[in-house]
Structure formats: structure tokens, C-alpha cells
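*Asks:* Structure of the sequence below:
(one chain, ligands or ions: 2)
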Amino acid sequence: MNRPRVIVTERVSEKGMAILEKELDVTFQDGICREDLLKVIGEYDALIVRSVTQVDEELVNAAKRLRVVGRAGNGIDNINVPACTRNGIIVANTPDSNTISAAEHTIGLLLSSSRNLPQAHSFIKSGKWDRKPFRGSELNGKTVGIVGLGRIGSMVAERLASFNMKVIAYDPYIPDERFLRFGAEKKSTLEELVKESDFITVHTPRNQETMGMIGRKELALAKDGVRVVNCARGGIISEQALLEALESGKVASAGLDVFEEEPAENNPLFDFKNVVVTPHLGADTKEAQERVGTNIAEQVVKALRGEMVPNVVNLPTVLRQDLEFFHPFIELCEAMGSIYFQISKAPIDRVEITYCGEIANHEKEILTIALIKGLLTPILSDRVNYVNAKVMAEERGIKVYEKNGKKEKGYINLIKVKIQNHNHKLELSGTLTTTGEPVIVEFNGYETDIIPHGYVVVAENEDRPRVIGPFTTVFGDAGINIAMMRVARRVKGDVALMVVNVDAEVDQQTLANLKAVDGIRNVRVLSFQ
Ligand code: NAD
Ligand code: MLT
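*Replies:* Ligands and ions are numbered 1, 2, ... in the order given. This next block holds a predicted model:
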């Protein structure tokens with residue numbers, strides 16, 4: 001069988017490449033030009049990039065077989081994630097693998113720019129000796145303003161506190177507890193932070209909101225002689241505003257690892273003596289690249305095997321320790337979703353999922369997604385997956401509602417599902433057995449036990465003698481073994497529900513024979529693969 005194909009367009013560690021090569025057909029094309037990549041991307045199942053390759057809509061549309069984009073690193077601003085999501089392409093990154101390196105590089109830039117280390121280094125190596133031009137500024141007792149107290153910002157906060165700096169931070173998206181935890185004084189506005197800081201370092205993602213967030217206005221509000229560092233993404237500190245503030249002397253020094261245009265050549269900021277620059281080196285340590293390389297390779301291999309991938313950007317995060325707990329519920333939800341279009345051809349406009357009992361206390365989005373994936377699979381087959389299921393439902397006008405309900409009927413966990421349009425409704429409830437197996441315990445008001453595995457025949461029958469016997473005989477005559485069977489009724493003598501798990505597929509003739517049994521109202525065969 002042909003092995004899945006992956007193209008790696010930027011440098012990844014040897015260990016990472018070795019992991020890929022074990023299972024995949026690997027093409028390494030470091031720095032492949034855009035035109036060439038557009039020509040060949042249609043032949044690959046996976047793409048691994050760092051920050052240079054632009055995975056935009058045009059590339060995604062050309063990538064007809066692509067199933068996963070692996071971002072060997074943290075920032076995903078070079079990847080059009082919504083376009084990937086629409087096309088069912090998983091985007092995974094390695095958010096924790098290079099954070100220490102980036103935090104340490106930030107400290108390096110801060111120290112080297114405030115103490116003029118690279119300038120002094122070049123000077124002395126050119127055979128001269130002088131100290132006066134390189135007099136710097138201490139960190140001790142100064143205030144550092146951190147914009148974005150996420151993974152890297154918080155590591156920078158901890159490290160700078162040990163220099164006896166006062167740490168203040170602006171991040172409107174995190175709870176107060178996080179400021180306390182990292183010893184940072186919370187600033188409610190960027191203006192407050194900018195006014196009080198001797199040093200400003202930015203650690204936000206690059207997006208519409210953060211591009212140019214430190215601009216002319218903010219630098220004008222800053223203290224005279226403020227020092228700035230950007231080891232996050234080019235443009236978060238506006239390069240034009242910084243250039244003007246360096247010219248006027250408002251900014252005493254800048255340490256920059258990232259630029260609005262990369263690769264950055266002839267950037268006018270390079271002309272300033274008090275600007276220290278590095279070529280996007282924040283993550284470039286032996287340790288970080290080894291972690292990043294192995295981590296992304298493992299994730300891409302998992303994604304291509306169809307296994308759960310830990311750092312998928314376009315899926316809700318399920319913590320590693322929660323995966324085991326969620327797994328049978330994911331199976332249950334997918335199975336419940338898959339029933340509707342197996343028994344009905346009517347379009348749906350509403351899906352309501354109620355999580356009752358302990359499960360209600362968990363983050364359940366992944367279960368809702370599993371249910372929708374299951375729902376759409378009978379009509380869209382492998383065009384729908386966990387990544388695009390919600391988008392696909394939205395495109396079909398299906399509104400999905402997720403609610404929490406009270407603990408019910410002695411079930412520790414119960415997931416209730418209503419799938420409906422204006423004149424058609426399917427109601428199901430499911431839980432796990434005491435051994436942790438998914439089981440559907442309610443089917444349109446009948447209390448039952450449907451084990452969603454293999455083939456299940458569901459029939460409504462008149463609740464009287466001489467119906468069940470002839471019905472089960474049809475299976476025997478067709479050589480189909482019955483594995484399990486359950487009969488349920490709402491009212492004695494009315495209509496009952498028979499659920500029969502069988503060991504083989506039910507052929508058309510057997511189905512016709514089952515339907516022809518006297519007292520049988522309707523028969524549906526469900527398949528759970
Ligand atoms: P993160 O997601 O852990 O943290 C980002 C923080 O920014 C979050 O706490 C978020 O709430 C905050 N934030 C978002 N918008 C904000 C706004 N408008 N104002 C204030 N705060 C805001 O990210 P991280 O892993 O810490 O990475 C931070 C940055 O560093 C990213 O841009 C990433 O791409 C970059 N990075 C650069 C290098 C490098 O080589 N130079 C290496 C790794 C990461
Ligand atoms: C990142 O976002 O991880 C960094 O920019 C480093 C990199 O791209 O290698």
C-alpha cells in the first residue's frame with residue numbers, strides 16, 4: 001500500500017524527520033518557492049512548515065489531498081486556519097515546545113540592547129578600546145511592562161522579577177488570578193502600562209487587534225528614554241512609529257527579533273546604533289528545535305493515522321489527561337448522531353444536545369462536534385470530519401444547541417439528543433455501561449439498550465404473541481446470528497420496539513422478509529462501523 005506523503009518546506013530537526021520517515025513518504029524542500037509549492041501541493045497528504053511558508057487560501061484550495069498542516073512552532077499567523085477548517089484540514093502546532101527559548105531570547109535582547117553588548121562587541125573586535133559610547137542602563141528597580149501574559153509573557157515576568165524589576169502587565173483576556181500567579185501588577189489599559197514602564201516587551205499573537213498596538217500614540221505617552229523589545233511578531237510595535245521615536249530620542253533602545261517583512265533585509269531600523277536585531281532567532285536553540293521537530297512529526301503521523309492529535313488549533317483543546325475520559329463519550333455521540341440519516345431522508349433544521357449529570361461539568365464541545373460528525377457522515381462520508389463538522393452543519397442551515405441538564409433516572413451521565421425539523425423528530429439518550437461501553441438507552445420514548453456496534457436491526461411490532469418468534473426465525477433462515485436482543489414497550493398491548501444486534505450485514509431479501517412478518521410495523525437496519 002502507498003504510504004501517505006508529507007512535504008516539509010522548512011528545516012525540522014533530524015529526530016523529527018526520522019519519525020516522519022518511519023511511516024510516511026517524506027519530501028524535504030527547504031525554502032521551496034511559492035510557485036513550485038502551488039504546483040506540487042496537490043500530491044501531498046501533509047505539509048510541515050515553520051513561519052515562512054504562507055499557507056493561504058490559494059494554497060489550501062490547490063491542496064486537494066491535504067489532511068494536516070503541521071506548524072513546527074507556535075505562531076499560526078502564516079496559516080489561513082478558517083480556510084483549512086472549511087476544507088477539513090487539521091492544523092496542529094507545538095505551542096509549548098519553544099516558549100522557554102523565546103522567553104530567554106527576550107531577556108537576551110533586553111539586556112543586550114540596554115547594555116549595548118553587540119555594539120561594544122563589534123567595536124572591541126575591530127581593534128579599538130573605549131567604554132564611553134556603550135554606557136548602559138540597569139534593570140534593577142526599573143518597571144517592565146509586559147503586553148500579553150500568556151506562555152512566553154509569563155516566563156519573561158518570572159525571570160525579570162529575579163532582576164529585582166517591578167513587573168506590570170496588560171492582558172485583557174486572562175483572569176486576575178494569572179497576574180497574581182506570575183507576580184505581575186495588572187494594568188487595565190495599555191495606556192496605563194505604557195505610561196509607567198521603563199521597559200516594554202510585547203508577547204501577544206499577531207492579529208488585527210494587536211498589529212501596531214504600540215504605535216505613535218502609545219510611544220508618545222511613554223516615558224522619555226523608554227526601551228522596547230519585540231520577540232513576538234513584527235508589527236506589534238509599529239516599525240514606522242518606532243523609527244520616528246528612535247529619531248526623536250524618545251526611545252532609548254530597541255531589541256528586535258521579528259519584523260513586519262521577513263526575511264528582513266535593508267530594514268531602516270537596522271541603521272540605528274541603539275537597535276539590536278536578530279533574524280527571528282527566538283525559537284532557535286538546539287533544545288527547542290528538537291522538541292518542536294519531534295512534537296510536530298508525532299502529531300502529523302497521528303493525524304494521518306486518524307488518531308487524536310494533542311495540539312489541534314482548529315478543534316477544541318482536550319487535555320491529554322481528559323482524553324481517556326472523553327473517548328467512550330465521543331464514540332457514543334458519534335454513534336447517536338449517525339442514526340438519523342440512516343432511518344430518515346428528511347432534512348434537519350435543529351439539533352439539541354443536553355448533557356446531564358457529571359458530564360455537564362466538563363468542556364463538552366468535542367462531544368457536540370462528534371455528534372454532528374456522526375450525523376453528517378451518512379450523507380457526506382469522508383468529506384466531513386472533526387475539524388469541519390460544525391462548518392458543514394452551519395452551511396446546511398442546521399442550528400446546534402448545547403445545554404446542561406439535571407442528573408436523570410439514576411444515570412451518572414446521560415446525553416440526550418433531539419434531532420428535528422418542523423414535522424419530524426428523533427429523540428435518543430445515551431450513556432456508558434458499568435464497563436464503560438457506549439449504550440443508547442432511549443429511542444423515541446422507548447427505554448431500550450442499543451449497543452452501537454456492527455449491525456443493529458430496529459423494528460416496531462404489535463405487542464402481541466406470534467410476532468417476535470416469526471421475526472427472529474427470518475434471521476435464522478438467512479444464516480444471520482443474533483448477538484443480542486431487547487424488546488421494549490411504552491404501553492402494554494400497543495406498539496413495542498425490538499432491537500436486535502446481529503453478527504452479519506442484513507441483505508435486501510432478508511430485510512424484505514423481516515418487513516413481511518405479520519405484526520411488524522417497520523424495520524430499519526443501522527450500521528455502526
Ligand atoms: P500565548 O497565546 O500563550 O499568549 C498570548 C497572550 O496574549 C495571551 O495571554 C492573550 O490573552 C494575550 N493577548 C491577546 N491579544 C491581546 C491584546 N490585544 N492585548 C493584550 N494581550 C493580548 O502565546 P505565546 O506562546 O506566549 O506567544 C506569544 C508570541 O510570541 C506569539 O506572537 C508567538 O507567535 C511569538 N513567538 C515568537 C517566537 C520567536 O521565535 N520570536 C517563538 C515563539 C513564539
Ligand atoms: C514561533 O512562532 O514558534 C516562532 O516564530 C519560531 C518559529 O517560527 O520557528
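*Asks:* which residues of the stretch 301-450 of the chain fall in helices?
*Replies:* 320-343, 365-380, 389-395 (DSSP state H, counting those that start in this stretch).
*Asks:* Get me the contact residues on the chain for ligand 1.
*Replies:* With C-beta under 6 Å from any ligand atom as the criterion, the chain comes near ligand 1 at residues 74-75, 95, 98-99, 102, 147-153, 170-174, 203-206, 209-210, 231-233, 257-258, 280, 282-283. In short, each C-beta sits where N, CA and C put it, glycine included.
*Asks:* For ligand 2, what's the nearest residue on the stretch 151-300 of the chain?
*Replies:* Ala283 (3.5 Å; C-beta to the nearest ligand atom).
*Asks:* So, low pLDDT: which residues of the chain?
*Replies:* Of all residues in the chain, those with pLDDT under 70 make up the ranges 317-321.
*Asks:* quick check: domain ranges of it?
*Replies:* For the chain, automatic domain parsing gives the domain ranges 5-93+288-314, 97-277, 317-444, 453-529.
*Asks:* Switch those over to a markdown table; also include mean neighbour count.
*Replies:* Listed next are those as a markdown table, based on neighbours: other C-beta atoms under 10 Å:
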| stretch | mean neighbour count |
| --- | --- |
| domain 5-93+288-314 | 19 |
| domain 97-277 | 18 |
| domain 317-444 | 18 |
| domain 453-529 | 16 |
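*Asks:* returning to what we had before: pretty sure the residue of the stretch 151-300 of the chain closest to ligand 2 contacts Asn74?
*Replies:* Yes: judged on C-beta atoms under 8 Å, Ala283 makes contact with Asn74 at a distance of 7.3 Å.
*Asks:* Contact residues of the chain facing ligand 2?
*Replies:* Contacts of the chain with ligand 2, taken as C-beta under 6 Å from any ligand atom, map to Arg50, Ser51, Gly73, Asn74, Gly75, Asn98, Gly282, Ala283.
*Asks:* Nearest residue to the third one in space, ignoring adjacent ones along the chain?
*Replies:* I take that to be Gly73. Arg50 (5.3 Å; C-beta to C-beta, 6 or more residues apart in numbering).
*Asks:* neighbours of the residue of the stretch 151-300 of the chain closest to ligand 2, just the number please.
*Replies:* 25 (other C-beta atoms under 10 Å).
*Asks:* got a list of what it touches?
*Replies:* Shown in contact with Ala283 (C-beta atoms under 8 Å, 6 or more residues apart in numbering): Gly73, Asn74, Asn98, Ser101, Ala102, Gln289, Val292.
*Asks:* how near is it to Thr99?
*Replies:* Using C-beta to C-beta, to the nearest Å, Ala283 is found at 9 Å from Thr99.
*Asks:* Overlap of the contact sets of these two?
*Replies:* Taking C-beta under 8 Å, 6+ apart as the contact rule, Ala283 and Thr99 both touch Asn74.
*Asks:* Tell me the bridge partners for the closest residue to ligand 2 within the stretch 401-529 of the chain.
*Replies:* Nearest residue of the stretch 401-529 of the chain to ligand 2 (C-beta to the nearest ligand atom) works out as Glu402 at 32.3 Å. Bridge pairing for Glu402 (DSSP bridges) gives the partners Ile353.
*Asks:* for Asn461, same thing?
*Replies:* Beta-bridge partners of Asn461, as defined by DSSP bridges: Ala496, Ile520.
*Asks:* That one and Val523 touch, don't they?
*Replies:* No: between Asn461 and Val523 there is no contact under C-beta under 8 Å: 9.2 Å.
*Asks:* what sits against Ala184?
*Replies:* Contacts of Ala184 by C-beta under 8 Å, 6+ apart are Ile146, Leu149, Ser154, Ala157, Val167, Ile168, Ala169.
*Asks:* Next up, the contacts around the spatially closest residue to it that is not a sequence neighbour.
*Replies:* Leaving aside its chain neighbours, Ala184 sits nearest to Ala169 (3.9 Å; criterion: C-beta to C-beta, 6+ apart). Counting by C-beta under 8 Å, 6+ apart, Ala169 touches 145-147, 149, 153, 157, 179, 182, 184-187, 193.
*Asks:* what about the helices of the stretch 301-450 of the chain, which gets the closest to Ala504?
*Replies:* Smallest distance to Ala504 across the helices of the stretch 301-450 of the chain (C-beta to C-beta): 17.3 Å, for helix 320-343.
*Asks:* name the helices or strands packed onto that closest one?
*Replies:* When contacts are defined as 3 or more C-beta pairs under 8 Å, 6 or more residues apart in numbering; DSSP states H and E, helix 320-343 sits against helix 365-380, strand 413-421, strand 424-432, strand 438-443, strand 520-528.
*Asks:* at 10 Å instead, please
*Replies:* strand 350-357, helix 365-380, strand 413-421, strand 424-432, strand 438-443, strand 446-450, strand 454-462, strand 520-528 (3 or more C-beta pairs under 10 Å, 6 or more residues apart in numbering; DSSP states H and E).
*Asks:* Now render the ones you listed as CSV, adding distance to Asp45.
*Replies:* CSV is the format used below for those (distance: least, C-beta to C-beta, whole Å):
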stretch, distance to Asp45
strand 350-357, 31
helix 365-380, 20
strand 413-421, 33
strand 424-432, 33
strand 438-443, 30
strand 446-450, 35
strand 454-462, 29
strand 520-528, 27
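*Asks:* Between the helices of the stretch 301-450 of the chain, which one is closest to Ala241.
*Replies:* Nearest of the helices of the stretch 301-450 of the chain to Ala241, taken as C-beta to C-beta: helix 389-395 at 37.8 Å.
*Asks:* got the contacts of Ala283 as JSON lines, with distance to Asp349 and secondary structure columns?
*Replies:* Formatted as JSON lines, the contacts of Ala283 follow (distance: C-beta to C-beta, whole Å; DSSP: H, G, I helix; E, B strand; the rest coil):
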{"residue": "Gly73", "distance to Asp349": "42", "secondary structure": "coil"}
{"residue": "Asn74", "distance to Asp349": "40", "secondary structure": "coil"}
{"residue": "Asn98", "distance to Asp349": "45", "secondary structure": "coil"}
{"residue": "Ser101", "distance to Asp349": "50", "secondary structure": "helix"}
{"residue": "Ala102", "distance to Asp349": "47", "secondary structure": "helix"}
{"residue": "Gln289", "distance to Asp349": "50", "secondary structure": "helix"}
{"residue": "Val292", "distance to Asp349": "45", "secondary structure": "helix"}
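*Asks:* from the stretch 351-500 of the chain, which residue is nearest to ligand 1?
*Replies:* Counting by C-beta to the nearest ligand atom, the stretch 351-500 of the chain gets nearest to ligand 1 through Glu363 (17.8 Å).
*Asks:* Please save the CA atoms from the helix or strand containing Leu193 in CSV.
*Replies:* Here Leu193 sits within helix 190-196, counting by DSSP states H and E. Provided in CSV are the C-alpha atoms of helix 190-196 (Å, rounded to 0.1, in the frame of the first residue of the first chain):
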residue,chain,number,x,y,z
LEU,A,190,-2.5,49.7,27.6
GLU,A,191,-2.1,53.5,28.2
GLU,A,192,-1.5,52.9,31.9
LEU,A,193,1.1,50.3,31.2
VAL,A,194,2.9,52.4,28.6
LYS,A,195,3.0,55.5,30.9
GLU,A,196,4.5,53.6,33.8
